[in-house]
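> Got a predicted model here, sequence first, then my questions.
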Amino acid sequence: MNTLISETVSTPAEVFAEAMSSLVSGVAAVTARTASGDPCGLLVSSICSYSAAPPSVLVAVDRSARSYDALLRAPEFGVHLLGADQQELARVFASRSDDKFGGRRWDWDGAVPRLTGSLAYLRCATSRIVEHGDHAVLIGEVASCRMAPGEPLVYFRRALDWRLDVG
């Protein structure tokens with residue numbers, strides 16, 4: 001038994017949160033167009049491939065996120081897998097800022113805001129939404145994808161400064 005965890009957390013929710021912080025994950029900026037036509041987005045660490053045929057991703061979105069409603073209403077969204085050199089961008093998209101796109105390099109890919117310079121970009125068509133607890137799961141079929149070389153930005157122990165040695 002890990003005595004550090006048992007001494008610092010006491011409720012099942014706290015133990016769960018601590019356990020999940022031990023799970024290494026990549027991070028992605030997820031973007032969409034609001035009903036008024038503005039870009040919106042947020043940072044997620046709960047993202048994974050969902051299906052190979054058709055190629056699909058699964059993204060978990062917190063109900064308290066400012067872009068929650070826009071993402072659930074959007075017929076398409078963008079997933080930007082961030083690189084190790086994009087910590088500052090990750091912090092902006094994790095914030096509650098009103099203007100996450102100000103001063104950033106981005107353009108429209110149809111109706112999807114596309115950030116420049118991500119490790120991978122997937123344009124997705126929303127195929128299913130499952131609301132559960134304090135999150136909703138978006139399942140998106142990948143309509144297009146592009147990749148660039150680089151190392152992934154890694155989220156571990158509630159920090160974005162971990163590096164993978166992929167060499």
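Here it is on my side, so go on. Residues are numbered from 1 along each chain as shown.
> residues near T31, how many?
T31 has 29 neighbouring residues, counting by other C-beta atoms under 10 Å. (Each C-beta comes from the backbone N, C-alpha and C, glycine too.)
> List the neighbouring strands of the helix or strand hosting it plus their orientation.
Using DSSP states H and E, T31 sits within strand 28-33. For strand 28-33, the paired strands and their directions (DSSP bridges) are strand 39-44 (antiparallel), strand 76-81 (antiparallel).
> In contact with the spatially most central residue of the chain, which residues?
Centroid-nearest residue in the chain: V44, 2.6 Å away (criterion: C-alpha atoms, centre = their mean). Counting by C-beta atoms under 8 Å, 6 or more residues apart in numbering, V44 makes contact with V27, A28, V30, V59, A60, V61.
> and what of S127?
S127 neighbours (C-beta under 8 Å, 6+ apart): S56, I139, G140, E141.
> I'd like those laid out as TSV, including pLDDT.
Shown next, in TSV, are the contacts of S127 (pLDDT from 0 to 100):
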residue	pLDDT
S56	96
I139	96
G140	97
E141	97
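> Next, give me the two most distant ones among these.
Farthest apart among the contacts of S127 by C-beta to C-beta are I139 and E141. That separation is 7.7 Å.
> one step back: name the member of the contacts of V44 with the most neighbours.
If you count neighbours using other C-beta under 10 Å, the busiest of those is A28, which has 29 neighbours.
> beta partners for that one?
V44, L81.
> Roughly how far does it sit from S95?
A28 is 15 Å from S95, where distance means C-beta to C-beta, to the nearest Å.
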